[in-house]
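Asker: Okay, predicted coordinates and the sequence, questions at the end:
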Amino acid sequence: MSASGAAEQRAALAEGCRPGCGACCIAPSIHSPIPGMPEGKPAGVRCVQLDDGNLCRLFGDPSRPALCARFGFDEALCGSHREEALERIAALELATR
Ligand code: SF4
Ligand code: SF4
């Protein structure tokens, strides 16, 4: 990870993001290209850039989709644990289809 990637990850943690959650990289659909997923990804599909520790491989990399950088910790969506986040984001995805 680059220095800016580390800074970005520290900022996310400071906001309340749980390291190793990764729910926002699985539950929502992403309609912009992701390296390795040129069409983006459907809802419920794991992003190929999510590593085994559920951290983004592209933190701080210019190829990381701008959309990903905009998704910050939101207690209403992220809940208090990973399963809650997966359920809430999936529900939002269905409601906004
Ligand atoms: S769903 Fe929320 S807590 Fe989980 S990784 Fe994304 S921003 Fe962080
Ligand atoms: S590129 Fe990174 S932040 Fe964006 S969905 Fe994939 S793993 Fe998550």
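Answerer: Thanks, I have the structure now. Ligands and ions are numbered 1, 2, ... in the order given.
Asker: And the longest helix belonging to the chain, what's buried?
Answerer: Counting by DSSP state H, the longest helix found in the chain is helix 82-95. For helix 82-95, a neighbour-count test (16 or more other CB atoms under 10 Å) marks 82, 85-86, 88-90 as buried. For glycine as for every other residue, the C-beta is placed from the backbone atoms N, C-alpha and C.
Asker: Just give the closest residue to residue 33, not the sequence neighbours.
Answerer: Using CB to CB, 6 or more residues apart in numbering and skipping the chain neighbours, the partner closest in space to residue 33 is residue 40 (6.2 Å).
Asker: Kindly reformat the buried residues of helix 82-95 as TSV and extend each row with distance to ligand 1 and pLDDT.
Answerer: Below are the buried residues of helix 82-95 laid out as TSV (distance: CB to the nearest ligand atom, whole Å; pLDDT from 0 to 100):
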residue	distance to ligand 1	pLDDT
82	7	96
85	4	97
86	8	97
88	9	97
89	7	96
90	11	96
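Asker: with those in mind, which one is nearest to ligand 2?
Answerer: Of all the buried residues of helix 82-95, residue 89 has the smallest distance to ligand 2: 11.6 Å, by CB to the nearest ligand atom.
Asker: Now do the contacts for the nearest residue to the closest one once chain neighbours are set aside.
Answerer: Excluding the flanking residues, the one nearest residue 89 by CB to CB, 6+ apart is residue 27, at 3.6 Å. By CB atoms under 8 Å, 6 or more residues apart in numbering, the contact set of residue 27 is 43-44, 85-86, 89-90, 93.
Asker: From those residues, pick the one nearest residue 55.
Answerer: residue 85 (14.9 Å; CB to CB).
Asker: ok, the closest one touching residue 76?
Answerer: No - Residue 85 lies out of contact with residue 76 (CB atoms under 8 Å); the separation is 10.4 Å.
Asker: give me the number of residues near the residue nearest to residue 34 when sequence neighbours are not counted?
Answerer: Nearest non-adjacent residue to residue 34, counting by CB to CB, 6+ apart: residue 65, 5.6 Å away. Around residue 65 there are 19 other residues, counting by other CB atoms under 10 Å.
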